[in-house]
Every structure is written in structure tokens, then in C-alpha cells.
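Visitor: kindly return the folded structure for what I paste below:
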Amino acid sequence: MSLTHDTQTDVQDRAILVSLVTDQIKRTGIDPELSLQELVQLAETAGVEVVDVLRQNKETPDSRWFIGKGKVEELRMAADGLGANTAIFDQELSGAQVRNLEEALDLKIIDRTQLILDIFAGRAKTREGIIQVELAQLSYLLPRLSGHGKNLSRLGGGIGTRGPGESKLETDRRHIRGRITELKRQLDDVVKTRELHRERRRKSGAVQVALVGYTNAGKSTLLKQLTDADVYIENQLFATLDPTSRVLQLPAGKEVVLTDTVGFIQNLPHDLVASFRATLEEVNEANLVLHVVDASSPMREEQMEVVDSILQELGAAGKPRVVLFNKSDLCQPEQLEMLPSGRGYLKISAFNPDDLARVTGLIADELAGDTLVFRIPGDRGDLSSLLYRVGEVQDTQYEENDVLYSVRLNKEDYEKWGYKLAEFVVQQD
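Guide: As a prediction, the model looks like this:
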């Protein structure tokens, strides 16, 4: 089913975007205009034609109409005049509000959460991703079935109807709950498989580096440029859903596993975070987190706060972290001067070879620790191989039947593998 066309009537989604600014939103410090700009990007990513934007200021949302009866009438007239068939709200709506707005406006009513879920549904490719998205959509829509039933049956395809589809959403709640239970069981099986892969990586001594950041910050581009990975690159929100891991060789020859993760966004639906937790928890396994930031974005500070908040929720806030201010080629000199600098920060363009070399050098520096000298018997090739996997071998000397290795090894890796290596340490700088 096309994301932007009804397969029966072949009508593209033409939408008016609606933003309600309440006193509570003002207190959060989030700029409603920047949030609205992001909603425009989300709509365009979903293939929607945005024909107008409507703003409303109220102390609190209207329980029945959300934006108030008068503003609903203004929205109806605008939709009639512009030929719009959809209204997309920048805040989350209740099922009753959707039903009331739908009946008053004769439009498809979508909120920000549903739009994000819809984009995810269009992007999910792996079995895990498809399960995660459907689980999030059903969890979100279950309490809202009474508000969406007529909407879906009347308007058919287009945004807001991907994934589970009309037939599932029009069945009774017991069937939906049963489907949610089944999806959770399937996801548990996938999670167990993922955990086996993680355990295998741990036993092999693989060092893991995770790319995290706001959606469209350039994580996938950076992964591709650093590792020649065959990944989907597009200037769109949520171009990447499924985590991709590739081997990255550092300057001294040591190899690490570099993993790209799904991008974050403000007001990321709770159900989506819950469903994608198994994927996002790849970050918890990382020895180092690279926080990729779009340095050219006017919402840079807010986006960084969103990433910090989600990492906190995942329990990964304490991980060693480096901030990469990406897209420096799109910044004015004065913009770059305002960015933090020093240890833990780097200003780069993913398309600049010199910057890529600086990134790999920084990763090596961050992962490196003390220099230790190991005396390894010549017949213990397994230990020699382990040193090359988990550390940076800087020098080797041969003495009779032994080999002396000078190795830079970080504390975390030594704690993990010290039980195999401790008796062979002869010197520590």
C-alpha cells in the first residue's frame, strides 16, 4: 500500500498542520515554532503535501475539540478552500478528540505520534523492525479504536494506516490485545537471538562503538564513509530503522565493531521506545558512544538534550561518550566558533577524509588505556591473538621461547580479559 495514496481513490494526502501552544508547553522551554518545523519535515518524509499551517494559543487544550470550537471552524474553512483532506496535529490527541474533529471536519485526523509511527511502518524492513513497529502502533491505537474506526474505514489508505492495516484495527479489543501478546512473544524470541549475538561478541573480545544521535544527524553517512557499509542514505527523517554493524579498522590496525542505531526525536512515542528497547540497548553494550550532532541545525541544543534524555532512560548515560559535531561544511564560521571544543568534542564533515581520519584517531585514543608489557609463551598463539583483538599492540620483542608485547589496553577490556592475561604482565607504564 502506498504511503501517500489511497489505493481505491488515488488521492494524495494534502494536509494542514495544526499546532496548539499551551501554558504547559511554554513552561517546558521547547520552541513550538521549531517543533512545527520538525512536523513539516515529518510530513514531507511521509510523502504528504503540506498546504497550510494553523496555530492556536490556549491555556489548556479543549477536552472536546483540542483547539476549541472556533478554531475548528477556521480549520474547516481553510481545508475547504485549499482542498486539504488531512489535518496533522503537532500534539497527541485522545480517541474522543479524533472522533469529534473527524465528524466536524470530514478530514482524516492524524497526530504527531501516529505520523512518526507511520513513517516507521514504511521503513521497517527486518522481521524485528516490522514486529516492533506493529507492536508500537497497536499499543498506541488500542485505547483510540473508537476514534479511528470511521476514519480508517472511510478514508482507506495513506498516512496513519500503514502496518497493522484497517482490517485489524476494526476488530474488537480482545483480538487486538491477543495480537499484542503474540507480537511480544515473537519479539522476545528475537531479543534472545540478539542476546546470543551479543554474548558471542563479548566472548570474542570485540570492542563495540555505537553511533547515536537525533534523526537525520548523519549517523548512517558517517558509518558508510568510515566502513564502506552498504546502508541506505537519504536526507530524510528516520532513514535508518534497523541497527547496522560493520567492522572499523583503527590506525594501529585494531578492529572495532561500529553500530548505527535508530535516530531519536523529541516526543518520541513511548510505545515506540518500549518496542525498540531491544534494538536501542545495543548502546548499553558499547565500549564507547559517538553522539553525532547536526551542527547546522537551529534546534541543535534541544536535539542534544533529547538524546541525553533517551540515553538516560536506557541506562546508558554513564557510558564513555564523544560528541561529533557533524555537517560542519554547512555551518558559518561563527556557528562553528560557538560549539564546544576540547577533549570529548570534534567538529567534522562526514565527507571530509581528513575529518574521518580524526574520528578514527579519536576513537583509538578514547579506547586506549595504560600500556602494559606481556610475556607470552611462543606456543600460546591464543593469547597473542587475544592481545591483538582487545588492545593496541605497539611493539613486539622476541626472547628465546617468549614474545614480549607492549600493548595499550583500556581499563574496561583489562577487567574483562585480565583473568586470562594477568599472570603474563611483566610491566605497566
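Visitor: would you point out which residue is most central in this protein?
Guide: Gly263 (2.2 Å; C-alpha atoms, centre = their mean).
Visitor: quick check: that residue vs Asn284, distance?
Guide: As judged by C-beta to C-beta, to the nearest Å, Gly263 and Asn284 stand 18 Å apart. Where you see a C-beta, it was placed from the backbone N, CA and C, and this is true even at glycine.
Visitor: on that earlier part again, next up, phi/psi of the nearest residue to the residue nearest to the centre of the chain once chain neighbours are set aside, please.
Guide: What sits nearest to Gly263 in space, not counting adjacent residues and going by C-beta to C-beta, 6 or more residues apart in numbering, is Thr215, at 3.0 Å. The phi and psi values for Thr215, taken as degrees, to the nearest 10, are phi -60, psi 140.
Visitor: same check, this time on Ile310
Guide: Main-chain dihedrals, Ile310, degrees, to the nearest 10: phi -70, psi -40.
Visitor: in the stretch 201-350 of the chain, which spans are helices?
Guide: For the stretch 201-350 of the chain, the helices defined by DSSP state H, counting those that start in this stretch cover 219-227, 270-275, 277-280, 300-314, 333-338.
Visitor: can you lay out these as TSV showing distance to Arg201?
Guide: Output for those, formatted as TSV (distance: least, C-beta to C-beta, whole Å):
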stretch	distance to Arg201
helix 219-227	16
helix 270-275	23
helix 277-280	15
helix 300-314	19
helix 333-338	36
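Visitor: burial-wise, tell me which of the ones you listed comes out on top.
Guide: helix 219-227 (a mean of 22; mean count of other C-beta atoms under 10 Å).
Visitor: average model confidence for it?
Guide: In this model, helix 219-227 has a mean pLDDT of 91.
Visitor: show me where pLDDT drops low in this protein?
Guide: Applying pLDDT under 70 to the chain flags the ranges 1-11, 29, 146-172, 205, 229-242, 275, 278-279, 411-412, 427-429.
Visitor: the strands in it, which residues?
Guide: With strands called from DSSP state E, the chain shows them at 14-21, 49-57, 86-89, 108-111, 207-213, 244-249, 255-260, 288-294, 321-326, 345-347, 370-377, 392-399, 402-409, 425-428.
Visitor: CSV for the ones you listed, including distance to Glu33 and mean neighbour count?
Guide: As requested, the strands of the chain are exported to CSV (distance: least, C-beta to C-beta, whole Å; neighbours: other C-beta atoms under 10 Å):
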stretch, distance to Glu33, mean neighbour count
strand 14-21, 8, 22
strand 49-57, 9, 17
strand 86-89, 16, 26
strand 108-111, 18, 26
strand 207-213, 22, 24
strand 244-249, 34, 16
strand 255-260, 30, 21
strand 288-294, 18, 23
strand 321-326, 23, 23
strand 345-347, 27, 19
strand 370-377, 50, 17
strand 392-399, 48, 13
strand 402-409, 49, 20
strand 425-428, 56, 12
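Visitor: done for today, thanks.
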